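Student: Return atomic coordinates for the entry below.
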Amino acid sequence: MAAFRTRPPSDEAARATVTAAELLEVLSGRAPTVPASTSQVRVLLVLEQHDGINLRTLADSLGTTPPSASRLCDRLESTGFLEREPGAADRREVRLRLSGSGRSFLADLRARREREVRAVLAAMPPVKRKALLEGLEAFCAAAATRIMGQEAAPGALLPLGPEAAEGSRPLGVRPA
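Tutor: Numbers count the residues shown, from 1 in each chain. So this is what the prediction gives:
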């Protein structure tokens with residue numbers, strides 16, 4: 001895990017950036033996503049919330065092209081985490097669904113990450129834990145408003161690629 005800074009920068013935005021990076025390190029650094037890459041986990045998270053979407057909608061939500069999204073899906077299908085099925089109305093359209101293995105993988109990944117966060121939170125005074133949660137919730141609400149230009153409804157999809165606002169993910173999608 002990366003070494004944490006003892007003295008964060010004095011600028012509020014810089015402090016928030018450094019602190020958020022450290023939170024992400026706790027979430028991802030100690031709970032590897034193997035056998036799925038980080039990009040593949042993003043696909044699984046979108047499908048968890050929007051099961052049965054088509055490839056174009058998935059690509060749009062990831063901020064990528066359909067061929068790139070298709071390659072990600074190919075790899076996820078080969079690991080047994082994703083299933084493709086023909087659309088009911090148009091058999092040429094393919095619907096993407098999480099498999100039982102994909103759901104189990106996300107549940108396990110989420111549990112490992114939550115254990116890491118619990119260990120860190122346990123070392124914090126209760127009043128600081130409460131302040132952290134309130135701050136993170138307020139940050140997410142403000143980010144949703146800024147990114148979407150309006151308040152985001154739970155489960156709203158936001159773009160996830162290079163065209164998306166830096167650091168955004170589908171708001172309303174629980175992190176793995």
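
Student: Can you list the low-confidence ranges for this structure?
Tutor: 1-9, 28-32, 149-176 (pLDDT under 70).

Student: Strands of that one, residue ranges please.
Tutor: 53-54, 82-86, 94-98 (DSSP state E).

Student: Direction included, what does the last one pair up with?
Tutor: Okay, so that is strand 94-98. strand 53-54 (antiparallel), strand 82-86 (antiparallel) (DSSP bridges).

Student: Minimum distance to Val127: which of these has it?
Tutor: Shortest distance between Val127 and those, using CB to CB, is found for strand 53-54: 41.7 Å. To be clear about C-beta, it is placed using only N, CA and C from the backbone, and glycine gets the same treatment.

Student: Tell me which residues are up against that closest one.
Tutor: By CB atoms under 8 Å, 6 or more residues apart in numbering, the surrounding residues in contact with strand 53-54 are Val46, Leu47, Ser61, Gly87, Glu93, Val94, Arg95, Leu96.

Student: so what's Arg75 up against?
Tutor: Ser37, Gln40.

Student: measure it to Pro35 for me?
Tutor: Arg75 is 9 Å from Pro35, where distance means CB to CB, to the nearest Å.

Student: now do Glu48
Tutor: Counting by CB to CB, the gap from Glu48 to Pro35 is 17 Å.

Student: repeat for Gln49
Tutor: In terms of CB to CB, Gln49 sits 22 Å off from Pro35.

Student: More neighbours: which of those two?
Tutor: Remark: of Gln49 and Pro35, Gln49 carries more neighbours, 17 against 12, as counted by other CB atoms under 10 Å.

Student: Just the buried ones among the contacts of strand 53-54, please.
Tutor: Listed as buried from the contacts of strand 53-54 are Val46, Leu47, Ser61, Leu96; burial here means 16 or more other CB atoms under 10 Å.

Student: residues touching the second one, list them.
Tutor: For Leu47, the residues meeting the contact criterion (CB under 8 Å, 6+ apart) are Ile53, Leu58, Leu82, Leu96, Arg97, Leu98, Gly102.

Student: go on, Arg84?
Tutor: The contact partners of Arg84, by CB under 8 Å, 6+ apart, come to Cys73, Glu77, Val94, Arg95, Leu96, Arg97.

Student: Setting aside sequence neighbours, what's the nearest residue to the last one?
Tutor: Closest residue to Arg97 in three dimensions, ignoring its sequence neighbours and counting by CB to CB, 6 or more residues apart in numbering: Glu83, at 4.8 Å.

Student: what number of residues lie near the one you found?
Tutor: Around Glu83 sit 18 other residues, with neighbours defined as other CB under 10 Å.

Student: wouldn't it be in contact with Ser99 here?
Tutor: Yes. Assessed by CB atoms under 8 Å, Glu83 is found in contact with Ser99 at 5.0 Å.
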